[in-house]
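Visitor: Let me see the structure of the following:
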Amino acid sequence: MPSFATAAQPTIEKDFYRIGEVSRLTHLKPFVLRYWETEFPMLEPVKSPSGHRLYRQQDVEMVLRIKRLLYDEGYTIAGARRHLREQNGGSESEGSTGAASGSAVDGAAQLLSRKMLLDLRDTLRAFLTLLERK
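Guide: Numbering: from 1, shown residues only. Predicted structure coming up:
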């Protein structure tokens with residue numbers, strides 16, 4: 001069963017999905033998917049002989065990961081790209097339990113730092129708004 005299925009939508013088991021299907025499954029516009037292909041090298045659907053984009057299961061899952069990072073967690077495109085690169089490279093190198101628990105602590109610290117930076121950004125924007133009014 002694909003991991004992107006929800007209770008509201010039927011499960012489709014196929015080898016390839018066209019961009020319209022991926023758009024409906026992920027609730028994203030096709031132009032967003034095409035743009036993300038240019039920004040995220042790990043998102044690389046194959047092209048059919050007629051030039052149509054064909055997304056594999058792992059491509060659809062990558063789209064959902066990118067969407068979560070950008071829309072839910074507040075990453076920038078560059079930050080999400082970096083996060084995905086680090087996650088793909090770092091997950092294979094962590095073999096011991098100590099490394100995994102250490103990375104969990106690092107992840108929590110990184111999330112806290114990110115929240116602090118987002119709060120700081122909002123505060124600075126508020127100050128800028130006040131300064132612009134004078």
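Visitor: quick one, strands of the protein?
Guide: 17-18, 46-47, 53-55 (DSSP state E).
Visitor: looking at those, which is buried most?
Guide: strand 53-55 (a mean of 21; mean count of other CB atoms under 10 Å). Where C-beta positions appear, they are placed from N, C-alpha and C, glycine not excepted.
Visitor: who does it touch, helix- and strand-wise?
Guide: Here strand 53-55 touches strand 17-18, helix 19-26, helix 30-39, strand 46-47, going by 3 or more CB pairs under 8 Å, 6 or more residues apart in numbering; DSSP states H and E.
Visitor: Could I get the ones you listed in TSV, plus columns for mean pLDDT?
Guide: Listed next are the helices and strands packed on strand 53-55 as TSV, based on pLDDT from 0 to 100:
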stretch	mean pLDDT
strand 17-18	94
helix 19-26	94
helix 30-39	94
strand 46-47	91
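Visitor: Would you tell me which one of these is buried the most?
Guide: strand 17-18 (a mean of 19).
Visitor: Contacts for that one, please.
Guide: For strand 17-18, contacts defined as CB atoms under 8 Å, 6 or more residues apart in numbering pick out 25, 52-56, 59-60.
Visitor: which two in those residues are spaced the farthest apart?
Guide: 25 and 52 (16.3 Å; CB to CB).
Visitor: Ok, which of the strands of the chain comes nearest residue 116?
Guide: So among the strands of the chain, strand 53-55 is nearest, using CB to CB, at 36.4 Å.
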